[in-house]
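Participant: coordinates for the following, if possible.
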Amino acid sequence: MAGLPVTACFLSYGLGQIICGFLGDKMKPQLMIFAGLAGACACNLTVALIPRMEVITPVWCANGFFQAMLWPPMVRIMAECLSDKWYRHCCVLVSMASSAATIAIYILTPVCIQLSGWQSVFYLPAALGLAAAAIWLANTRKLTSGGPVQEGEAASDSMENPVSGAVAVCSSEAVSKAASGTDAEPADKKPLFLRLLADAPLAAILIAIVLQGILRDGITTWMPVYMSETFGMSNASSILSAAALPLFSVFSVLLSSLLLGFLKSEVRTAAYLFLAGAFAGAVMLAAFDGMPVVCIVMMTLITGCAHGINLMLISRVPGHFTRYGKVSSVSGILNSATYVGSSLSTYGFGAVAEAAGWMPVVAIWIGVCAAGAALMLCVRGRWARFCRMG
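Facilitator: Got it, this is the predicted structure:
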C-alpha cells in the first residue's frame, strides 16, 4: 500500500509529460513552470498535514502531473531563448542539477527524520520549492516584457551575463513565430508530426529512450537487492552502495557532453554510450558473484552511460525541432518514453530475478545496451540528414 502513491506518481508524470508537452507549445512556458512548482509544493504540504493513505495517493498522483509541467516548457525556453552554445551548456547544467538534487535527497531525508520527524521531509521541499517558484517568476519577466530587444542592447547585456542576455533576446515576437511554425512551413500539407516522423527517426529515438529508462531506473531500483542477495551485504550497506549512482551521473553528463562535442551527433553519441554500457555489463557478468567492488563499479558505469544517453536524446534532440515550434511537444513525448522503460524494469527485473536468479538479469542489461547501440547506429545517417535540413 505504501508503494501505491509512488506508482500513481510515476504514471501521472509519464502521461503528464505528453499532455504538458503539447500545452507547453501553446501556453506561456514561464507561467506553466511556476504553476508546476507551486502545485508540487502544495502536494508536499498536504501530505505532511494529512497523513492518510486515502489522501496521500490522489495527492501524490497530482504531484506527478505538477512535476510534469516543468521539463517540456523548460526545454522550449532554453531552445528558443538561448544560442546553440548556451543551450548545450544549460542542458548539462540542468542535468547536473537534477543529479545534485538526488544526492541531496539521499543525505537530507535520514537527517530530517532523525532530527524532527518524517513530516519535515515534506515541509523542507515545499519551502524550497516556493522560494524557487518566487525566484523563477521574478527572473523570467524579460520573456514577456516589452517588445523585441534591440540588437545593440541585447549584445551589451549578453556581454555582461550571457544567459540573461540570451533570455532577453527571446522576445514575445520570436516565441510566437517559432510556435506557429512559420519559419519552416513546407508545402507538404500532411500533419506536422507525420512530417517529422518521416524526416527524423523519432520512432527509433523513442525506442532507444525506453531502453535507456529500463537501464537507468531498473539498475537504480534493484541494485541494493542485487548486492544484498548476491554478496550478503546488509540493507544499510547495499543502499549506501546505490548512492554512488547519482554521484557518478554528474561526471557522466559532463563526459557525454564532451563526447558530443567530438562526434557532433546526438544519435552517434548515444550509440557509443550504449556500446560502453554493453562492455561494462560483460565485465560484470564475468565477475558476477565473486567481486562486489567490480560489480558496483560496472553498474555505476552502465547507469552513467544511461544518464548520458538521457542527456543526448531527451535534452539535446528536442532543440532541433525549434524551427517547427514543437520543442515542448517533442520533449514531453520523448521524456514520457523513459517512464515506459522504468515501469517495465521495476516489475520485469524483479520477476526474472525471482524466477531464474540475477545472472539472467545482467545478461538482459547487456542485451538492452546492444539493442540500443544497433538501433542508434542504424538511424545515424537519417538523423544527420534531418539536422542538415535546419
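Participant: so where is the stretch 51-200 of the chain shaky, pLDDT-wise?
Facilitator: 143-198 (pLDDT under 70).
Participant: hey, which helix is longest across the protein?
Facilitator: Of all segments of type helix in the chain, defined using DSSP state H, the longest is helix 84-116.
Participant: which strands and helices sit next to that one?
Facilitator: helix 71-81, helix 120-139, helix 162-169, helix 244-263, helix 292-310 (3 or more C-beta pairs under 8 Å, 6 or more residues apart in numbering; DSSP states H and E). Glycine gets a C-beta too; all of them are placed from N, C-alpha and C.
Participant: chain center to it: distance?
Facilitator: Distance, stretch centre to chain centre, for helix 84-116: 12 Å (C-alpha atoms, centre = their mean, to the nearest Å).
Participant: what's the angle from that helix to helix 292-310?
Facilitator: 130 degrees (axes from the mean of the first three to the mean of the last three C-alpha atoms, to 10 degrees).
Participant: just the buried residues of helix 84-116, please?
Facilitator: For helix 84-116, the neighbour count (16 or more other C-beta atoms under 10 Å) marks 86-92, 94-96, 98-99, 102, 112 as buried.
Participant: please apply the same query to stretch 340-355.
Facilitator: Buried-residue list, stretch 340-355, by 16+ other C-beta under 10 Å: 340, 341, 342, 343, 344, 345, 346, 349, 352, 353.
Participant: what's the closest of these to residue 63?
Facilitator: Set against residue 63, the nearest of those by C-beta to C-beta is residue 342 (16.5 Å).
Participant: who's in contact with the closest one?
Facilitator: When contacts are counted by C-beta atoms under 8 Å, 6 or more residues apart in numbering, residue 342 touches 10, 213, 214, 216, 217, 218.
Participant: now, the buried residues of stretch 340-355 that are in helices?
Facilitator: 340, 341, 342, 343, 344, 345, 346, 349, 352, 353.
Participant: now, which of the residues you listed sits nearest residue 256?
Facilitator: Distances from residue 256 to these, taken by C-beta to C-beta, are shortest for residue 341, at 18.2 Å.
Participant: what's the closest non-adjacent residue to that closest one?
Facilitator: Nearest residue to residue 341, sequence neighbours excluded (C-beta to C-beta, 6 or more residues apart in numbering): residue 213, at 2.5 Å.
Participant: any idea how far whichever strand or helix holds the one you found is from the chain center?
Facilitator: Here residue 213 sits within helix 202-231, counting by DSSP states H and E. Its chain's C-alpha centre and that of helix 202-231 lie 14 Å apart, by C-alpha atoms, centre = their mean.
Participant: any chance of the helices and strands packed on helix 84-116 in a markdown table, with distance to residue 64 too?
Facilitator: Output for the helices and strands packed on helix 84-116, formatted as a markdown table (distance: least, C-beta to C-beta, whole Å):
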| stretch | distance to residue 64 |
| --- | --- |
| helix 71-81 | 12 |
| helix 120-139 | 14 |
| helix 162-169 | 28 |
| helix 244-263 | 20 |
| helix 292-310 | 18 |
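Participant: give me whichever of those helices is most buried.
Facilitator: helix 71-81 (a mean of 27; mean count of other C-beta atoms under 10 Å).
Participant: other SSEs contacting that one?
Facilitator: helix 4-24, helix 29-49, helix 84-116, helix 162-169, helix 172-180, helix 327-356.
Participant: quick one: closest of those to residue 71.
Facilitator: Across these, closest to residue 71 is helix 327-356 (C-beta to C-beta), at 5.8 Å.
Participant: gap between the helix or strand just after that closest one and the chain center?
Facilitator: Sequence-wise, the next helix or strand downstream of helix 327-356 (DSSP H and E) is helix 358-378. How far helix 358-378 lies from its chain's middle: 20 Å, per C-alpha atoms, centre = their mean.
Participant: list the buried residues of the following helix or strand past helix 358-378.
Facilitator: Later in the chain than helix 358-378, the nearest helix or strand by DSSP H and E is helix 380-389. By neighbour count on 16+ other C-beta under 10 Å, the buried set for helix 380-389 is 380, 383, 386.
Participant: nearest to residue 324, of the helices and strands packed on helix 84-116?
Facilitator: Judging the helices and strands packed on helix 84-116 by C-beta to C-beta, what sits closest to residue 324 is helix 71-81, at 10.9 Å.
Participant: spatially nearest residue to residue 244 (excluding sequence neighbours)?
Facilitator: residue 300 (5.2 Å).
Participant: quick one: residues contacting the nearest residue to residue 215 once chain neighbours are set aside.
Facilitator: Ranked by C-beta to C-beta, 6+ apart and with sequence neighbours excluded, the top spatial neighbour of residue 215 is residue 306, at 4.4 Å. Each residue near residue 306 by C-beta under 8 Å, 6+ apart is listed here: 212, 215, 216, 219, 273, 277.
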